Structures are given as structure tokens and as C-alpha cells.
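> when you get a sec, could you give me coordinates for this:
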Amino acid sequence: MAGLKGSLIATAIIFLLLGGVAGYFAISIPRDVKAEALLGEARVALQKNNRDGARKKFEQVITQFPRTDSGAAAMYALFRMVDQDRAELKAQIDKQLRDIQASQKISQSRLSEVEKAAASRQITVAAPAPAPAVSKPIVIQKSSNRSKIHSTPTRHRRR
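Numbers count the residues shown, from 1 in each chain. Now for the predicted structure:
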């Protein structure tokens, strides 16, 4: 009896372990399949140059299936995307800085050319032309049946 009891206990332990392994696979395989499908969708979005859609899918894989191979792959893909974005931004900033420096050099050279031209030439400003001389008004004065033309203003003369 003792031998039978020990073999029954050993058989029960083996079936318990097999049941646990089968249960694990029954639960984890569908999760892995779902995670792998979502990861595939993210990769397709990335290949179609839909970076925002791919980023959302990768984040979804990470949050819903964090302890799967797909979760780790999604995290790695997100890190690579962030590195690529950072490198692209750095390249754009460097290009803009080079463009700014080039335009500053051009502006400086033009400014120095203008300063040299101004220094080598004497710039004379002509005085404004004098106002035209105002001629004295011509006044016609009547006196004793004769008209006299004077070039000076009228004055009363005493006779």
C-alpha cells in the first residue's frame, strides 16, 4: 500500500505540473499572438511612414503586453524612433545654424563694403538753393491826370 500511495502522489504531482504548464500556455499564447499582431500593425505603419500611428501602436503593445517578447520589441522600436527623431532634429538645427552663420557673414561683408565706400567718398550735401528774390511790387499811382509807375511801394508825398 505504501508503494501505491507514493506512486499516486507522484502521478498527481506530475499531472499538476502538466496542468500548470498547459494552463500557462493556454493563457500566454493568445496574449503573445495578440501582442505579435499589434506589433506587426505598428511595423506596417512605420513602413508606410506613418510614424505617429506606429508610435501609438508600439505604446499600446507596451502598455497591454508589457512582459512579452513583443512588449520588449515595441520598447526597443520606440527607443530607436526617439533616437532617429533626435538625430533628425539635431541635423535640422545644425543646418539652420550654418545658414544663420552664412547669412551673418554675408551681412558683415556687405556692411564693411558700404563702410569702405562711405569712407572713400566724400559725401557733400549741397546747401539748399536760395529762395528766388522777391521783386518789388509795381504800383501804379494816379496823380493829376497822369499815371506814374513806381517800382517802390507807394508813399504819400507831400507837395
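
> C-alpha from now on. contacts and neighbour counts both.
Noted.

> for the protein, what are the low-confidence residue spans?
Low-confidence segments of the chain, defined by pLDDT under 70: 1-2, 21-29, 122-127, 134-159.

> which residues of it fall in strands?
Secondary structure of the chain (DSSP state E): strands located at 139-143, 146-150.

> what's the longest helix in this structure?
Under DSSP state H, the helix in the chain containing the largest number of residues is helix 69-120.

> and it, how far out from the chain middle?
11 Å (Cα atoms, centre = their mean, to the nearest Å).

> which neighbouring elements make contact with that helix?
helix 2-47, helix 51-64 (3 or more Cα pairs under 8 Å, 6 or more residues apart in numbering; DSSP states H and E).

> now those helices as a markdown table including distance to Gln92?
Below are the helices and strands packed on helix 69-120 laid out as a markdown table (distance: least, Cα to Cα, whole Å):
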| stretch | distance to Gln92 |
| --- | --- |
| helix 2-47 | 21 |
| helix 51-64 | 18 |
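
> tell me, how many residues neighbour Pro66?
16 (other Cα atoms under 10 Å).

> residues in contact with it?
Residues in contact with Pro66 (Cα atoms under 8 Å, 6 or more residues apart in numbering) are Ala72.

> give me phi/psi at it?
The phi/psi pair for Pro66 (degrees, to the nearest 10) reads phi -70, psi -30.

> next one: it from Pro130, what distance?
92 Å (Cα to Cα, to the nearest Å).

> kindly report the same for Gln84.
Taking Cα to Cα, one finds Gln84 at 73 Å from Pro130.

> these two: who's more crowded?
Taking other Cα under 10 Å, Gln84 and Pro130 do not tie; Gln84 has more neighbours (12 against 6).

> a markdown table for the helices and strands packed on helix 69-120, including distance to Ala102 and mean neighbour count?
Formatted as a markdown table, these follow (distance: least, Cα to Cα, whole Å; neighbours: other Cα atoms under 10 Å):
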| stretch | distance to Ala102 | mean neighbour count |
| --- | --- | --- |
| helix 2-47 | 36 | 14 |
| helix 51-64 | 33 | 19 |
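
> lovely, talk soon.
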